[in-house]
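[1] mind looking at a prediction? Sequence and model below.
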Amino acid sequence: MAIRNIREFGDPVLNKVCKEVTEVTPRIRELIEDMLDTMYAANGVGLAAPQVGILKRIVVIDTTGEDPHILINPKIIYTEGEQCGSEGCLSLPGKAGNVTRPMKVKCTAYDVEMNEFTLEGEGLLARAICHECDHLDGHLYTEKVEGDVYETRYEETED
Ligand code: NI
């Protein structure tokens, strides 16, 4: 287990298009384990490989803290509806913004055995799938934000 350094906004690695994974090598298994550890340590609900400096199409997502999803070469194949809500990113710590995403998403991906599967998500899971897939194409939520990116810690003190 190892926690990797999370690249922050402004790091050019976050704007690159990632390469498809063709084989899950021991090195990639280790990367995935580290990505899960890094996501949980940072209290995130998702993390994409470029956020730890690796330009491969791999994301991890866990919106409940007990339901980790590992998605290799994910592709969104269906979306439905719309939700507008607050979204953050571990590459922009302490910040969030309002982003419209589909309410429901269906994607295909490969697991660590390179077996293809389908994942359907609604609400926060749908938002996380979209957000993490965007990372694999070099896109951040800041490109889609409506209004300003705000400091989340100000929100907390105002409550
Ligand atoms: Ni992110």
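    Received, thanks. Residues are numbered from 1 along each chain as shown.

[2] and the strands in this structure, which stretches?
    46-48, 58-61, 69-80, 83-88, 95-101, 104-110, 116-122, 146-151 (DSSP state E).

[3] which one's the longest helix in the protein?
    The longest helix of the chain (DSSP state H) is helix 26-41.

[4] give me the distance from that helix to the chain's centre.
    13 Å (Cα atoms, centre = their mean, to the nearest Å).

[5] check contacts around F9.
    Each residue near F9 by Cβ atoms under 8 Å, 6 or more residues apart in numbering is listed here: 89, 91-92, 140, 142. Every C-beta, even on glycine, is put in place using the N, C-alpha and C of the backbone.

[6] try A96
    A96 neighbours (Cβ under 8 Å, 6+ apart): 86-88, 149-150, 152, 155.

[7] any stretches of this protein with poor pLDDT?
    Filtered on pLDDT under 70, the chain yields the residue ranges 154-159.

[8] what distance separates the start and the end of stretch 5-18?
    18 Å (Cα to Cα, to the nearest Å).

[9] what residues sit buried inside it?
    Buried residues in stretch 5-18, defined by neighbour count with 16 or more other Cβ atoms under 10 Å: 6-7, 13-14, 18.

[10] over to stretch 136-143?
    So for stretch 136-143, counting by 16+ other Cβ under 10 Å, buried means 136, 138, 140-141.

[11] sorry, back to before: so which of the contacts of A96 wins on neighbours?
    E87 (23 neighbours; other Cβ atoms under 10 Å).

[12] that older thread, which of the contacts of A96 lies closest to K104?
    Ranked by distance to K104 (Cβ to Cβ), the contacts of A96 are led by E87 at 16.6 Å.

[13] I'd like to know how far that closest one sits from L124.
    For E87, the distance to L124 equals 10 Å [Cβ to Cβ, to the nearest Å].

[14] and for S91?
    Noted for S91: a distance of 18 Å to L124, by Cβ to Cβ.

[15] in terms of neighbours, single out the busier of these two.
    S91 (23 against 17).

[16] is the more buried one in contact with Q51, as I believe?
    Yes: in this structure, S91 is within contact of Q51 by Cβ atoms under 8 Å, at 5.5 Å.

[17] overlap in contacts, these two.
    Joint contacts of S91 and Q51 (Cβ under 8 Å, 6+ apart) are 6-7, 14.
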